[in-house]
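Enquirer: Need the 3D shape of this:
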Amino acid sequence: MINQTVQPKARAVGINHVALEVGDIDQALEFYGRFLDFEVASRSDTAAFIYFGDQFINFTRGRNQGPDENRHFGIAVDDKALVRRTLEEMGVEILEGRFLDFLDPWGNRVEITTYANIQFTKADHVLRGMGLAHLAKTEQALAELRAKGMAP
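Expert: Presented below is the predicted three-dimensional model:
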């Protein structure tokens, strides 16, 4: 029998940010700014950083690949129905399926989800700082968290 030593591993705590390749920084800020409220922390001709409280998206100029098919990232919002209406008014095609998925102008696949329905949780002080202290999780989301020992 081989004696294998278990190596220590870092524990993933969460996702700090997502980097998206776009064709034009100003156009990306305008597109995403039509349906999301965010703070532009910094920008240049080649990059911009938009914050949602303690997390951010880094837009970087230079998308060369084709549109995403299954690869995507999700943004949790307080009002999914409002995002859907706004995207439809913008003429953005909503992709088939049970989720609110669409492609941005550069082919990045985005999924919009409702904060209340998912396990992902912002700290109370972060929600207060974002003006979202009124948001609460659904019983199903809380049950999923309780099953993991992560909610009272």
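
Enquirer: how close does the most centrally placed residue in the chain sit to residue 19?
Expert: Central residue of the chain (C-alpha atoms, centre = their mean): residue 75, 2.6 Å from the mean position. Look at residue 75 and residue 19: by C-beta to C-beta, to the nearest Å, they are 14 Å apart. For glycine as for every other residue, the C-beta is placed from the backbone atoms N, C-alpha and C.

Enquirer: Same check on residue 88?
Expert: When C-beta to C-beta is the yardstick, residue 88 and residue 19 sit 28 Å from each other.

Enquirer: Touching, the residue nearest to the centre of the chain and residue 114? I think so.
Expert: No. Checked against C-beta atoms under 8 Å, the pair residue 75 and residue 114 is beyond contact range at 10.5 Å.

Enquirer: Relative to the whole chain's centre, how far out is stretch 78-93?
Expert: Taking the mean C-alpha point of stretch 78-93 and that of its whole chain, the gap between them comes to 15 Å (C-alpha atoms, centre = their mean, to the nearest Å).
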